[in-house]
Every structure is written in C-alpha cells, then in structure tokens.
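Asks: got a sequence here, can you build the structure:
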Amino acid sequence: MLDAVLEHQPETKAGTAPGLRLRVAVATKEGARVDLHFGHAEVFSVYDVDAQGARLVAARAIAEHALNEDEDPRQTIYRMIADCQVLLVAKVGAAPQEALAQIGVEATNFYAGKSVDEALAELYAAKKAAAEDATLDAGEFALMHAMLRVADLDRSIAFYTQQLGMRVLERREHKKNQFSQAYLGYAAGFGGMTLELVQNWQREEAYVAGDAFGHIAIQVNDIMRLCDRLAAAGVSMPRPPRAQRHGENIVAFIADPDGYRIELVQAPQPDQTAALEEAKQL
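Replies: Model (predicted):
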C-alpha cells in the first residue's frame, strides 16, 4: 500500500528527507479502520512507519498505563503516546487536540473512516512530500475574517451595524462551550472580509486590547499539504487540521512569530466529503 502511494508522488531532490520515520498512534476498534473517537478509545494501536511500510509495535491500553485509578484518562493518554508524532482518530475535540499539540503530537480526524493501512500510507507520503517541498502556491488564498472578543455582543452588533453600516451575516449560540458568536460584513457577505465577534458567557471582567484580539482567518486550499509544509518548517501549530463538528470545513490554527493565532480554513474536497460524513456517524 505504501509503495503504491509513493509511486504517485512527484519527483524531488534525492536525500531531502533521508530516513523519514514516523511513530503514529491510531484510535481503532479492531485494527482495520480509523473509527474511534478520542474520548471513546481505551486502547491505541501504535505503528512505526517508514519507506518500507508500517509495523504495529504496541497496543497501549489506558488501564495499563494509568498511574492510579484517580488519574484523568486524558492525562494517561497524553503520557502514553507522547513518543508519537501523529494520532489518527475519527473525532477529536479542540481541547485535547491543543493539549496534544503542546507535547508534539498532531491529532487529526482527516483520515477518519479510512483503513489503517491506507491512512498510514497516505500520511507518510504527505509528510515525506512536505519535507521535500519548498514551494507555496497561494494564488487562491484569501483573508476571511478577524475575530474580536467583546463584553456585550448585542452592544457591539449595534455599533458595527448602526454606526459603520455592517450587517449581521450569521449569529450562533454555543450552549455547550458557553459563548455567543456573530459574523458581520458588507455587501459581499461571506465572499469578502468579515468580522467575527465572540462573547464568552463566563467572562465577567472587561477585556483589554491585547486580550480581546482572537485571530485572523485565511481561506486556503490543500490544507493538509500546507500544514505539513508549515510543520516541516518549524511553524508553531497549536491546533492541527480537524474537520469541524458544525459544518464541513477543515480548520487548523497556527501561530506567527509573535504568537498571534492564524486560522486556516478549507472547505472539504469532493473526495473528502463522503469520508467526513461517514465519520460523523461513528
């Protein structure tokens, strides 16, 4: 499987990524597919992957690695797969994804629903290509929005609509994560640059300018290749690519040299849509 995928990769300079090796943890029910939610897995299959193929090296169970019966299972998982570069899951939340990124583990649901062999082969080919690729085609990239945290969403909406002539493009209430969100813009709507306003329900103290800025968003294509390329270049990536729970966009967060977050957003490609829909049912 791995050789077949690599045969279709473009020719690159020899020796650019010598001896590339990956250690990958997989959340899988029976070892056949990437089909378990991060929070539902009790055992993670660990593979070593290189140019010769993928080899199963361990099946690590949370129960066997817990320090004691009171340890949070997430903390156990973080410790027991800390030697892995990548974690493949069917679903993963933003909080554990960021926690894993902090210890150098890229957790992604991009391969959800695929066979483990296929997923590992494609992952290795992508990482190898990224390590050898110095080019960037940003011809179809576009700024999408800037995000600001606000104390009173209704007050801010009134200001931007009544005083600056914007209109509300979308508003959502996120009960689970305790925040309200609105997108505002002009005639071009979501076809142009927009402003995202977020009110966190639990926030009582006023924001200062530095706290209020959230991130800028950039629309990209081929997000997995771009993020692999950025990772190979040493760019900080607090949240690797992940299909959104609401909607089908694939989203990642990177950080610029000053630590400001940049959201990368890509609509799913036609061949990804079926896999993502299937993953939602897992």
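Asks: list the buried ones in stretch 168-180?
Replies: Leu169, Phe179, Ser180 (16 or more other Cβ atoms under 10 Å). Quick note: C-beta positions are derived from backbone N, CA and C, even for glycine.
Asks: any idea how far apart the tips of it sit?
Replies: 13 Å (Cα to Cα, to the nearest Å).
Asks: outside of it, which residues touch it?
Replies: 153, 157, 161, 181-185, 189-190, 194, 198-202, 246 (Cβ atoms under 8 Å, 6 or more residues apart in numbering).
Asks: quick one: which of those residues sit in strands?
Replies: When DSSP state E is applied, the contacts of stretch 168-180 are split such that Gln181, Ala182, Tyr183, Leu184, Gly185, Thr194, Val198, Gln199, Asn200 fall in strands.
Asks: tell me how far stretch 119-132 is from the chain's mean position?
Replies: 17 Å (Cα atoms, centre = their mean, to the nearest Å).
Asks: whoops, I mixed them up, stretch 165-183
Replies: So, by Cα atoms, centre = their mean, the centroid of stretch 165-183 is 22 Å from its chain's centroid.
Asks: can you check stretch 126-139 too?
Replies: A distance of 18 Å separates the centroid of the chain from that of stretch 126-139, by Cα atoms, centre = their mean.
Asks: quick one: mean pLDDT over it.
Replies: Mean pLDDT, computed over stretch 126-139, is 84.
Asks: just the helices in this structure please.
Replies: With DSSP state H, the ranges of helices along the chain come out as 2-7, 62-65, 73-80, 94-102, 116-132, 153-158, 209-212, 223-232, 270-280.
Asks: now the ones you listed in CSV, with mean neighbour count?
Replies: Below are the helices of the chain laid out as CSV (neighbours: other Cβ atoms under 10 Å):
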stretch, mean neighbour count
helix 2-7, 13
helix 62-65, 13
helix 73-80, 17
helix 94-102, 17
helix 116-132, 21
helix 153-158, 15
helix 209-212, 10
helix 223-232, 20
helix 270-280, 14
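Asks: thinking again about what came up before, and of the buried residues of stretch 168-180, the nearest to Met80?
Replies: Phe179 (32.1 Å; Cβ to Cβ).
Asks: can you list the domain ranges for the protein.
Replies: 2-138+220-280, 142-217 (automatic domain parsing).
Asks: by mean pLDDT, show me the worst of these.
Replies: domain 2-138+220-280 (a mean of 85).
Asks: start and end of stretch 37-49, how far apart?
Replies: Start-to-end, stretch 37-49 (Cα to Cα) is 22 Å.
Asks: whoops, I mixed them up, stretch 204-213
Replies: 17 Å.
Asks: and if you look at stretch 30-40?
Replies: End-to-end distance for stretch 30-40: 13 Å, by Cα to Cα.
Asks: contacts for it?
Replies: With Cβ under 8 Å, 6+ apart, stretch 30-40 has contacts from 26-29, 45, 56, 77, 87-93, 96, 107, 111-116, 119, 282.
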